[in-house]
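J.: quick one: sequence plus predicted model below, questions after.
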There are 4 protein chains.
Amino acid sequence: MTLTIGVDIGGTKIAAGVVNEEGEIIARLKEPTTPGNPKEISGAVAKLVLALCQDHDVVAVGIGAAGFVNAGRSTVLFAPNIDWVDEPLAELVGKQVNLPVIVENDANAAAWGEFRFGAARDDDDLLLVTVGTGIGGGIIQDGVLLRGGFGVAAEIGHLRIVRDGILCGCGQHGCWEQYGSGSALVRMARERVHSGAVDVSALMAAAGGDPAAINGPLITRMAQSGDELSRDLLTELGRWLGEGVATLAAVLDPSVVAFGGGVPESGDLLMKSVNEAFLTHLPAGEHRPHAQLRIATLGNEAGLIGAADLARPQVS
Amino acid sequence: MTLTIGVDIGGTKIAAGVVNEEGEIIARLKEPTTPGNPKEISGAVAKLVLALCQDHDVVAVGIGAAGFVNAGRSTVLFAPNIDWVDEPLAELVGKQVNLPVIVENDANAAAWGEFRFGAARDDDDLLLVTVGTGIGGGIIQDGVLLRGGFGVAAEIGHLRIVRDGILCGCGQHGCWEQYGSGSALVRMARERVHSGAVDVSALMAAAGGDPAAINGPLITRMAQSGDELSRDLLTELGRWLGEGVATLAAVLDPSVVAFGGGVPESGDLLMKSVNEAFLTHLPAGEHRPHAQLRIATLGNEAGLIGAADLARPQVS
Amino acid sequence: MTLTIGVDIGGTKIAAGVVNEEGEIIARLKEPTTPGNPKEISGAVAKLVLALCQDHDVVAVGIGAAGFVNAGRSTVLFAPNIDWVDEPLAELVGKQVNLPVIVENDANAAAWGEFRFGAARDDDDLLLVTVGTGIGGGIIQDGVLLRGGFGVAAEIGHLRIVRDGILCGCGQHGCWEQYGSGSALVRMARERVHSGAVDVSALMAAAGGDPAAINGPLITRMAQSGDELSRDLLTELGRWLGEGVATLAAVLDPSVVAFGGGVPESGDLLMKSVNEAFLTHLPAGEHRPHAQLRIATLGNEAGLIGAADLARPQVS
Amino acid sequence: MTLTIGVDIGGTKIAAGVVNEEGEIIARLKEPTTPGNPKEISGAVAKLVLALCQDHDVVAVGIGAAGFVNAGRSTVLFAPNIDWVDEPLAELVGKQVNLPVIVENDANAAAWGEFRFGAARDDDDLLLVTVGTGIGGGIIQDGVLLRGGFGVAAEIGHLRIVRDGILCGCGQHGCWEQYGSGSALVRMARERVHSGAVDVSALMAAAGGDPAAINGPLITRMAQSGDELSRDLLTELGRWLGEGVATLAAVLDPSVVAFGGGVPESGDLLMKSVNEAFLTHLPAGEHRPHAQLRIATLGNEAGLIGAADLARPQVS
């Protein structure tokens, strides 16, 4: 059984793990990220890889990183959080660890992980929607990761959901992640608090009276304990998510849509709303088969597992 | 050199042709469609195929048809113009002609044709946008036709471009084809005529004084002869097309986008506007490579050629 | 006590009544409308007026009619349902009945009625929103009917609520009445039925299995008996109404907003949703006094009563 | 001839002037504002008024201030730039200067000035649109200032022009001033610069290479000297302004719409675009008289002149 290493470079830490052919992580290590020193990251990754190689016979390394990765899976063209420009990450790490190294967009890697070992392991056509600060995504089509002509496909958080809508960090207006992400949920909560339109007392009490202390997990918790406002907010978030998935389904026709990031914690209430909006907004919905909407199962290890598996040499 | 037959079932006629490995049509036949008798269409297709087989040594048949085609490429689940429900078209034709038969969505077949022999023959990642009464599309990813989990992907005309927008025949609001199709162009022209906002005299004169006589080719002709209103209308159509392609590019990352249908006739003015809107609306446009926007080259034979080629047995 | 006659020219009938200074109708008559013969309507109105004058000492006549009425209150510039062009209605009726006659837009007349004797009789600043096939409206500002520079103000049904939205009969897109009227309610219901997204069985059963038999009163009745879908539909209608009133409030700052037409029948559920959306969408809502949202009280006699009162000579 | 004093409390200075019955300013004084000390402003106003009273026989004072003013014209309920809450400004100033004092919203005062002595002095129904950092407005209906039930009407900058659009400082999304103000113009310019979609070299050179140095007057100047990008930006601004005025016209039916603030400097190119969009988007435009769109004529003294005139006692 061949072993590979998956690496997940996040905003605050680098996680690495040895992954077997069943997608199990049999050893792990991690280290804090130092985003101020982009050039040091390849060294930190190599250090983790070399440490894991001490005890495991590893044949390749797969790295998942937020950002645009080139079509050759070697170079990070642009990253939102780390100051890289055309960073040749595969080469930089590879020459230190003396193993084949590939780089993949982190959401793509997570989609691959969920396809191989998670929510869609019984299917060939997956759309993964990761709901966090923004919305990330990955697409599997007929068992193949859809990478696009330049390697930068599946930036579904920047699907335009509202024409002339809210300004996004990408420079465009109305991107999906301005309405359907965890950040959007918090923004909607604060707007409701300020509008004075509804009973905000319970949520405000839970936030210690400070609107700035409202966050996604708090809203989820309050919704679960029955707070009407928090339930409304999750319902509205679900509506935006369902609307976006419906329009993506017209283009991609996935058989499974899996939701990761913070969605698994929010659970049934959110998914009920997503499902309803998806069915209401699916074009020609009565004439076409419907994708199954599922919760992702690998949690925040999907990217690491997927990156490791993508690095695994194909047996011919 | 193996030969195959491509068949294109359109709203008014069925066209069939023998296609060689270079994508050349070396013989053709056609017959009017009788949409009132959906059950007779398979017989009409078989008749054309058998006639072409008289003089040509054909190994397989590919049929392109508007509608949802199942994942197995055998059955039309639903067609907008012909009253088929789960029509087993491949089987019905196959047992009459005694050849392998596959069915494909017509826009998918056209995309395959443009990828193999047309506007994207030098590339592996194509988005074809066909602008006619509606907007059709096909997607090639890494040299493979993207068909979706149920066979009904690439219904890009139903991408939602305006939330709560114009009602579409599919039951949803704000579909792209309500803003970027030939029908939308004509609707916009008539609205301008009725609003009295601009100088409509030249276009109205060309339409013989009857707003109902305004159509896409007329607007194109008037624009080419310098009519300000017609030029404005094509510019606006281009803007809608460019906006839609920009948001699709975030999801699909094509390296080539080809425009077929009525676009080739409308030419430079339209494409200039499409390009401008595409670049203005592409998310994170300064950090990612840009697709090339091209005019499709196979005209209305793209579907027939593509269907024939999809039917061709893979040489192992 | 002076008496005046109010006339309400509707799509199917002409109603006339003698109204006293308390806004009470002390005698009434009506006649079917013959929309095919626009020139006969002034004669029919005169006939009703003369009949009422037999028993009552009347000093003036006020006519309410759907359409654009000129600033001088004498001529109907354009009517959506009757084929009038610059119809000098006041003069045509006046010379037959030998009394002073004024013409007013029917929704304006209704607003005046509600201001003088109905939902806003205790206030000076009213926005009346009449929800029927479309949305009509009238505005009272500081006790004066707001008629506009050309007499055609308060066409609030054509406030644009969605940019590039649903096409309206007025030639524009996204008018409020495409989202917040009774017709819109029915359209939404049929879309839900076709999308298959929710449990439509109860509503469909009530409609005898025929989507075309769904209408506003049926939805209201089903909502009152607890049907989830019908309740959702009224909630959504209320949301659109509340959003529109919120943006109008920023412009007009009414102290009372009254809802007429079919709203009084729909009752609490609808008004709850209107109120919530109004408060959520009111700009700078926490820094400004809020209008009271009320149900209109004069029913479909508001126009007749208001027209009669507008015709009453001012006592100096 | 009675004289009154008008005061304009702006973000950076307080301007006061003695105004005669022809609307001429015959003496002026000004003082810098100190927004940090809201309580000192009434004293500063009183000082200016007393100084002007030395040489002029003044009968009343009118103060224009940004913010919500109560229906009694005495108290500022809320001001966006000065930290006032229910500030009894008329009383505070009045007891120091011993004259009748009224307070009015500054944009309302400016509308009154333009109605009495400026762009609409020949008309009775005016909508004034002031385009600056935001969009302000004032409405004259049949010769009367429309103040609303609570005194806070005509907040036209918060008309919702895009559903779910850009977040506004008022807490709502899609307010007109997020698309049609000077700030919006600058934001659009910077977005274009970052998108790399068009030739930005001339504008960037004029801004010394710094996108942060782009401002409205610079764009206007570049447009006048022929820069294509700057001309496009003014055209787009005009489109948003025209769309907003068209929907307001359906509600208010003004006979004159005057544009103040920065619009007079931008001139013909901007107004051409405003006019075109107005006519294209006016509901039922072919059936109703059209307002005249004009440039305001009193410049930034409209508010001072209008406030002074509103304070003038009515001759009985």
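T.: Received, thanks.

J.: and the stretch 151-300 of chain A, which residues reach chain B?
T.: Within reach of chain B by Cβ under 8 Å from any Cβ of the partner chain, the stretch 151-300 of chain A has these residues: A:151-156, A:158-163, A:168, A:170-172, A:175, A:243, A:246-248, A:250-256, A:281-289, A:291. C-beta: built from backbone N, CA, C; applies to glycine.

J.: among those, which lie within helices?
T.: Mapping those onto helices (DSSP state H) picks out A:243, A:246-248, A:250-252, A:281.

J.: which stretches of chain A have low pLDDT?
T.: A:35, A:197, A:315-316 (pLDDT under 70).

J.: would you map the helices across it?
T.: With helices called from DSSP H, chain A shows them at A:41-53, A:89-97, A:106-117, A:177-180, A:182-195, A:201-206, A:216-224, A:228-252, A:263-281, A:302-311.

J.: what's the first one packed up against?
T.: Contact analysis of helix A:41-53 by 3 or more Cβ pairs under 8 Å, 6 or more residues apart in numbering or on different chains; DSSP states H and E lists strand A:3-9, strand A:13-19, strand A:25-32, strand A:58-65, helix A:89-97 as its packing neighbours.

J.: repeat the analysis, applying 6 Å as the threshold.
T.: With contacts taken as 3 or more Cβ pairs under 6 Å, 6 or more residues apart in numbering or on different chains; DSSP states H and E, helix A:41-53 sits against strand A:3-9, strand A:13-19, strand A:25-32, helix A:89-97.

J.: any chance of these in a markdown table, with distance to residue B:204 too?
T.: Shown next, in a markdown table, are the helices and strands packed on helix A:41-53 (distance: least, Cβ to Cβ, whole Å):
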| stretch | distance to residue B:204 |
| --- | --- |
| strand A:3-9 | 62 |
| strand A:13-19 | 67 |
| strand A:25-32 | 70 |
| helix A:89-97 | 62 |
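
J.: stretch A:150-163: which residues count as buried?
T.: Within stretch A:150-163, the residues that qualify as buried are A:150-163, counting by 16 or more other Cβ atoms under 10 Å in any protein chain shown.

J.: same deal with stretch A:6-25?
T.: Result for stretch A:6-25 [16+ other Cβ under 10 Å]: buried residues A:6-10, A:14-20, A:23, A:25.

J.: how about the residues you listed, which pair is most distant?
T.: A:10 and A:20 (22.7 Å; Cβ to Cβ).

J.: PyMOL command to pick out the buried ones of the ones in helices among the residues of the stretch 151-300 of chain A next to chain B?
T.: Restricted to buried positions by 16+ other Cβ under 10 Å, the PyMOL selection for those reads:
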select buried, chain A and resi 243+246+247+248+250+251+252+281
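
J.: quick check, nearest of the ones in helices among the residues of the stretch 151-300 of chain A next to chain B to residue A:118?
T.: For those, the closest approach to residue A:118 (Cβ to Cβ) belongs to residue A:252, at 18.5 Å.

J.: tell me who's in contact with the closest one.
T.: Counting by Cβ atoms under 6 Å, 6 or more residues apart in numbering or on different chains, residue A:252 touches A:127, B:153.

J.: repeat that for 7 Å
T.: A:127, A:139, B:148, B:153 (Cβ atoms under 7 Å, 6 or more residues apart in numbering or on different chains).

J.: over to residue A:207?
T.: Contacts of residue A:207 by Cβ under 7 Å, 6+ apart are A:213-214, A:218.

J.: mind running it again at 6 Å?
T.: Neighbouring residues of residue A:207 by Cβ under 6 Å, 6+ apart: A:213-214.

J.: of all of the stretch 51-200 of chain A, which residue lies closest to chain B?
T.: residue A:148 (2.5 Å; Cβ to the nearest Cβ).

J.: now swap in the stretch 201-316 of chain A and tell me
T.: Relative to chain B, the nearest point of the stretch 201-316 of chain A is residue A:253 (2.4 Å; Cβ to the nearest Cβ).

J.: check contacts around that residue.
T.: Applying Cβ under 6 Å, 6+ apart, the residues contacting residue A:253 are B:148-150, B:152-153.

J.: can you add distance to residue A:122 and give these back as CSV?
T.: Below are those laid out as CSV (distance: Cβ to Cβ, whole Å):
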residue, distance to residue A:122
B:148, 17
B:149, 12
B:150, 15
B:152, 20
B:153, 20
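
J.: which among those residues gets closest to residue C:266?
T.: Among the contacts of residue A:253, and counting by Cβ to Cβ, the member closest to residue C:266 is residue B:152, at 39.2 Å.

J.: hmm, the closest one is touching residue A:287, no?
T.: No - assessed by Cβ atoms under 6 Å, residue B:152 is found out of contact with residue A:287, at 8.9 Å.

J.: right, and residue A:56 touches residue A:5 too?
T.: No - Residue A:56 is beyond contact range of residue A:5, at 8.1 Å (criterion: Cβ under 6 Å).

J.: tell me, what's touching those two both at once?
T.: Taking Cβ under 6 Å, 6+ apart as the contact rule, the neighbours common to residue A:56 and residue A:5 are residue A:18.

J.: comparing the two, which residue is more hemmed in?
T.: residue A:5 (30 against 14; other Cβ atoms under 10 Å in any protein chain shown).

J.: so the closest residue to the more buried one other than its chain neighbours bridges to which residues?
T.: In space, and not counting its chain neighbours, residue A:5 is closest to residue A:61: 4.7 Å by Cβ to Cβ, 6 or more residues apart in numbering or on different chains. On the basis of DSSP bridges, residue A:61 is bridged to residue A:5, residue A:101.

J.: contacting residues for residue A:61?
T.: For residue A:61, the contact set (Cβ under 6 Å, 6+ apart) comprises A:5, A:49, A:99, A:101, A:311.
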